[in-house]
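Asker: generate a structure from the sequence data that follows.
(chains A, B, C and D)
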Protein chains: 2
Amino acid sequence: MIKCHLSRLLGERKLKISDVTRDTGINRGTLTRLYHETAERVELDVLDALCTYLNCGLPDLLEYQKSEQASPPPTP
Amino acid sequence: MIKCHLSRLLGERKLKISDVTRDTGINRGTLTRLYHETAERVELDVLDALCTYLNCGLPDLLEYQKSEQASPPPTP
DNA sequence: AAAAAATGATCTTCAAAAGATCAAAAAGGG
DNA sequence: CCCTTTTTGATCTTTTGAAGATCATTTTTT
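Answerer: Residues are numbered from 1 along each chain as shown, chains lettered A, B, ... in the order given. Presented below is the predicted three-dimensional model:
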């Protein structure tokens, strides 16, 4: 799955969603969805703007987490 | 800007877009847009599926390139 | 050379981001 | 503490681009 770390990044920087909206022009609804990880798509422009604004790389914002192989049933 | 390295990844692996479509179920149009870097949005599911299929991390697929600061005019 | 597969281009359909608005909750100032 | 302002959550409509399908062209395979 793809994890979004916007909430962590904002927390670390003590920034509010409203700050980001004001400073970047990114739609507040979009930010809210990313913040709460309910977004299903992302505009590449948004990723770009966020990385620039937060001065971080993509991997800081979006992380691919390899899904575990379903573990075989334990032998009793 | 956000760069997509799908074409490089497929090239390295000698895979065709049709292979990826067949194996992952991702829409061919979507892959074509990513391949030619004309996509403006991405479905997070697609990123997930591509990373899994190509066995790579997000940074391998998508890269944030910091835009240069406009260079000051050279002193003559 | 013919057949099959892959790609490019384009059209319609559909889902989610953008945009706007309202109510509720937090934060600040007196 | 009360009142004002700001921030956030929720929801509705509009807009945008991916999904899906199809046709034409190019490339590959036999």
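
Asker: check residue A:69 and give its pLDDT.
Answerer: Residue A:69 is assigned a pLDDT of 66 by the prediction.

Asker: ranges for the helices of chain A?
Answerer: A:6-13, A:17-24, A:28-35, A:44-54, A:58-61 (DSSP state H).

Asker: of all these, which lies closest to DNA strand D?
Answerer: helix A:17-24 (3.2 Å; C-beta to the nearest atom of the strand). To be clear about C-beta, it is placed using only N, CA and C from the backbone, and glycine gets the same treatment.

Asker: is chain B contacted by that closest one?
Answerer: No. Judged by C-beta under 8 Å from any C-beta of the partner chain, helix A:17-24 stays clear of chain B, getting no closer than 14.3 Å.

Asker: contacts (any at all) between DNA strand C and that helix?
Answerer: No. On the criterion C-beta under 7 Å from any atom of the strand, helix A:17-24 is out of touch with DNA strand C, staying 9.5 Å away.

Asker: mind listing residues that contact that helix?
Answerer: The set of residues external to helix A:17-24 that reach it, using C-beta atoms under 8 Å, 6 or more residues apart in numbering or on different chains, is A:10, A:26-28, A:31-32, A:35, A:49-50, A:53.

Asker: go again with 7 Å.
Answerer: A:26, A:28, A:31-32, A:35, A:49, A:53 (C-beta atoms under 7 Å, 6 or more residues apart in numbering or on different chains).

Asker: alright, I will stop here.
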